[in-house]
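> need a structure here:
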Amino acid sequence: MKRAWDLLVLLAAAALVLVSLNLPWEQASCSSGASDVGCFDHRIDGWSSVGQVAALSALLLLVLAAAALVRPRLRVRLPLGQCALAAAYFTLGVFVEARVDARQAHETAGGHFQLAYGTYVGVAAGLLALLGAAALRRDEVLFRPPGRAWLPLGAAAALLVALLLPWSESLLLLFSSVQSTPTTVHVGHLSALGLADAGGVICAAVALRFIVVRWRDGTEAWLGRCTLALAAVLFAGAAFTVNFPVTRVYGAWVGLAAAMAMLLLAVTDRPRVKLVWPRWQGTGTGIAFLVFATSLFLPWQRACYPQGREFASVGVSGRCISTNGWTLETSAAALAAAGLVAVAFAPSLRRFARGELAAGVALLVATSGFLLQTGVSGGIRLSLGYGSIVGFVAAGLLVGLALERPHVSVGDRSRAAPALLAIAFGAAYVTAVVLPWWDVLPTGVWSVFALGLTRLSWLTIAALAVGLRLIRLWWSRLRDRSASADELVLLPLALVALAVLDAVRAGGHLTWNSALLGGLALALTGLGLVERSGGLGAIEIPAILRVDRIQ
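Residues are numbered from 1 along each chain as shown. Below is the predicted model of the structure:
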């Protein structure tokens with residue numbers, strides 16, 4: 001196979017990233033002079049908030065590289081270079097976050113932390129991914145942009161560096177006591193990188209895309225760059241906002257300034273071409289998105305504390321405190337909503353169906369609604385902030401404007417049977433992923449809540465996105481079977497890999513919930529293989545197994 005070595009390098013890099021996340025990146029043992037505040041032998045692996053994104057990037061790279069290896073014609077069409085860069089960058093983020101966690105663990109629990117072998121495996125995997133990307137996509141990775149592009153590209157690179165710096169900090173009170181001395185209080189500081197925030201993760205992905213995208217001339221290319229830069233500002237602003245008692249530190253200011261510089265430099269490079277405003281539906285989608293994004297900066301959850309000594313010690317006695325709407329689920333919903341706006345404004349993106357994006361917005365915003373609390377708990381009165389009402393209304397408008405009239409004409413019902421069965425399996429998979437988020441099931445119905453596929457995280461959000469995409473693709477097969485069925489096989493394989501990855505994180509213990517999700521993923525993979533081979537009618541039964549030949 002011609003030049004297959006670069007794909008093998010990418011496969012090895014992706015596999016090593018996934019392996020390294022389960023290994024210790026930092027390891028320590030207690031020293032004799034350490035304090036007694038929870039001092040113990042400690043190891044920090046790669047499964048952090050950034051580690052989940054690194055795992056998704058590596059998993060996507062693994063699936064795409066395997067597909068390109070099996071189907072060489074896909075080498076040019078698949079975004080292998082971009083996935084490799086993302087895997088390398090987020091693996092670097094895991095390394096930085098592990099170092100920060102080790103320093104903070106040393107301050108709180110004692111012990112001297114050192115680099116463990118997982119760090120070396122992860123760094124080697126990142127370098128290998130860069131090597132494979134340079135060999136496979138030299139024109140994308142090592143390109144020479146025009147002179148006017150260097151400043152905005154430099155701003156995007158500065159934003160990526162800033163996201164690896166601390167963006168927020170909170171105080172940590174540590175109480176310790178010895179028999180001969182009274183209780184003492186130690187003040188520690190907990191720092192969080194920009195990448196530790198959901199908005200920071202999306203901002204990094206947007207900046208990476210901005211760097212590798214071709215610097216072409218024309219209105220559509222300029223609009224694409226401006227859209228990416230505007231998204232970087234939005235999600236950098238999301239990571240910049242903090243709630244009590246967290247405070248901002250220098251990294252947040254550097255990152256926000258870099259994002260705003262990137263937007264300013266991209267906008268000023270406008271070509272002399274008249275812009276065509278979209279029709280009313282696209283305009284309404286853009287306005288609804290602006291309202292929804294603005295609402296996330298407003299109060300979504302309000303907590304009023306009573307008078308009391310225990311609340312006075314933390315400075316909240318008799319005060320009402322509000323938190324904004326920027327959480328993991330709303331950040332992902334804002335990303336899907338931005339996709340709706342891009343589809344409405346850019347004709348070249350019409351291949352992405354609005355229905356799946358709208359469904360993602362609806363489910364994620366509904367999840368944020370279930371997670372908000374009302375009533376009185378421990379004397380604290382909890383209520384909804386006005387920002388949540390604005391956000392729910394704006395999200396409803398977004399979903400309503402994106403709805404498409406269903407139009408399905410089923411010809412041969414026997415050929416439609418696999419599609420209908422796959423749609424049912426996909427709906428069951430999405431339901432099994434989303435229901436545990438809402439906490440509406442009785443206690444004990446969904447076992448082992450510690451597993452990643454039953455907890456709201458980047459892994460489960462990715463599983464939701466793949467499930468919705470599969471439902472839409474199979475729905476399209478009911479009326480148009482001329483499109484390629486490769487995606488119907490690749491996406492379920494990604495779901496199978498997610499289930500395997502989650503089982504490995506749990507130490508190989510198989511529970512019925514992970515078995516259900518893995519079984520549905522395998523069933524969808526089988527149906528995709530059947531559809532790719534031409535349907536049930538194209539499957540030939542061996543003559544020795546045909547009952548009708550028995551005389």
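
> which ones are touching Leu127?
Ala88 (Cβ atoms under 8 Å, 6 or more residues apart in numbering). C-betas here are computed from N, CA, C, even on glycine.

> state the distance from Ala334 to Phe235.
Using Cβ to Cβ, to the nearest Å, one obtains 8 Å as the distance from Ala334 to Phe235.

> also Ala4?
Distance, Ala4 to Phe235, by Cβ to Cβ: 37 Å.

> neighbour count winner among the two?
It is Phe235, of Ala4 and Phe235, that has more neighbours when counted by other Cβ atoms under 10 Å, with 28 against 13.

> end to end, how far does stretch 306-324 reach?
End-to-end span of stretch 306-324 (Cα to Cα, to the nearest Å): 21 Å.

> just the local confidence number for the residue nearest the centre of the chain, please.
The residue lying closest to the centre of the chain (Cα atoms, centre = their mean) is Trp458, at 4.4 Å. pLDDT for Trp458: 90.

> and the gap between it and Val500?
In terms of Cβ to Cβ, Trp458 sits 17 Å off from Val500.

> which residues touch Val50?
Going by Cβ under 8 Å, 6+ apart, Val50 touches Phe90, Gly93, Val94, Glu97, Leu193, Leu195, Ala196, Val201.

> out of the residues you listed, who's nearest His112?
Nearest to His112 out of these is Glu97 (Cβ to Cβ; 19.1 Å).

> what sits against that closest one?
With contact set as Cβ under 8 Å, 6+ apart, Glu97 has these partners: Ser48, Ser49, Val50, Gly51, Leu193, Leu195, Ala196.

> let me know the helix or strand that it is in.
If you go by DSSP states H and E, Glu97 is part of helix 80-109.

> model confidence over that helix, on average?
87.

> can you list the strands that the helix or strand just after that helix pairs with?
The helix or strand immediately downstream of helix 80-109 is strand 112-115, counting by DSSP H and E. Strands that pair with strand 112-115, judged by DSSP bridges, come out as strand 24-29 (antiparallel).

> doesn't Val376 fall inside a strand?
Yes: judged by DSSP: H, G, I helix; E, B strand; the rest coil, Val376 forms part of a strand.

> run a quick neighbour tally on it.
Neighbour tally, Val376, other Cβ under 10 Å: 11.

> now do the contacts for it.
Contacts of Val376 by Cβ under 8 Å, 6+ apart are Leu382.

> can you do 10 Å?
Applying Cβ atoms under 10 Å, 6 or more residues apart in numbering, we find Val376 in contact with Cys304, Pro306, Leu382, Ser383.

> which residues of the stretch 351-500 of the chain fall in helices?
Secondary structure of the stretch 351-500 of the chain (DSSP state H, counting those that start in this stretch): helices at 354-371, 386-402, 413-438, 458-477, 486-505.

> mind putting these into a markdown table with distance to Phe244?
Output for the helices of the stretch 351-500 of the chain, formatted as a markdown table (distance: least, Cβ to Cβ, whole Å):
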| stretch | distance to Phe244 |
| --- | --- |
| helix 354-371 | 19 |
| helix 386-402 | 16 |
| helix 413-438 | 25 |
| helix 458-477 | 26 |
| helix 486-505 | 33 |
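
> which one of those lies closest to Val291?
Counting by Cβ to Cβ, Val291 lies closest to helix 386-402 out of the helices of the stretch 351-500 of the chain; the figure is 4.1 Å.

> neighbours of the nearest residue to Arg469 once chain neighbours are set aside, how many?
The spatial neighbour of Arg469 that comes closest, neighbours along the chain excluded (Cβ to Cβ, 6 or more residues apart in numbering), is Glu356 at 5.6 Å. Glu356 has 21 neighbours, counted by other Cβ under 10 Å.

> got the contact list for Glu356?
By Cβ under 10 Å, 6+ apart, the contact set of Glu356 is Ala336, Gly339, Ala402, Ala465, Gly467, Leu468, Arg469, Leu470, Ile471, Arg472, Leu473, Trp475.

> of those, the lowest pLDDT goes to which?
Ranked by pLDDT, the contacts of Glu356 bottom out at Ala402, which has 82.

> my guess is Thr294 meets Gly391, correct?
Yes: counting by Cβ atoms under 10 Å, Gly391 is a contact partner of Thr294 at 8.9 Å.

> more crowded one of these two?
Neighbours were counted for Thr294 and for Gly391 using other Cβ under 10 Å; Gly391 has more, 26 against 13.

> ok, which stretches of the chain are strands?
Ranges of strands in the chain, per DSSP state E, are 24-29, 42-45, 112-115, 166-178, 181-193, 247-248, 299-304, 320-324, 375-377, 380-384.

> please identify the buried residues of the third one?
Pointing back at strand 112-115 there. Within strand 112-115, the residues scored as buried using 16 or more other Cβ atoms under 10 Å are Phe113, Leu115.

> now stretch 79-91
Applying a neighbour-count criterion of 16+ other Cβ under 10 Å, one finds 79-91 buried in stretch 79-91.

> could you dump those residues to a markdown table with distance to Val267?
Output for these, formatted as a markdown table (distance: Cβ to Cβ, whole Å):
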| residue | distance to Val267 |
| --- | --- |
| Pro79 | 26 |
| Leu80 | 30 |
| Gly81 | 27 |
| Gln82 | 24 |
| Cys83 | 28 |
| Ala84 | 30 |
| Leu85 | 25 |
| Ala86 | 25 |
| Ala87 | 31 |
| Ala88 | 29 |
| Tyr89 | 25 |
| Phe90 | 28 |
| Thr91 | 32 |
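
> max pairwise distance over those residues: which two?
It's Pro79 and Thr91 that sit farthest apart of the buried residues of stretch 79-91, by Cβ to Cβ, at 17.7 Å.

> pretty sure Gln114 contacts Ala98?
No: with contact defined as Cβ under 10 Å, Gln114 and Ala98 do not form a contacting pair (11.5 Å).

> overlap in contacts of the two?
Residues touching both Gln114 and Ala98 (Cβ under 10 Å, 6+ apart) are Glu26.

> Cys67: how many residues sit nearby?
Rather than Cys, residue 67 is Ala. Counted with other Cβ under 10 Å, the neighbours of Ala67 add up to 20.

> got it, and Trp5?
Trp5 is flanked by 12 other residues according to other Cβ under 10 Å.

> quick check: mean pLDDT of stretch 215-224?
Mean predicted lDDT for stretch 215-224 stands at 74.

> and it, how far out from the chain's middle?
27 Å (Cα atoms, centre = their mean, to the nearest Å).

> between the two ends of it, how far is it?
Stretch 215-224: ends 10 Å apart by Cα to Cα.
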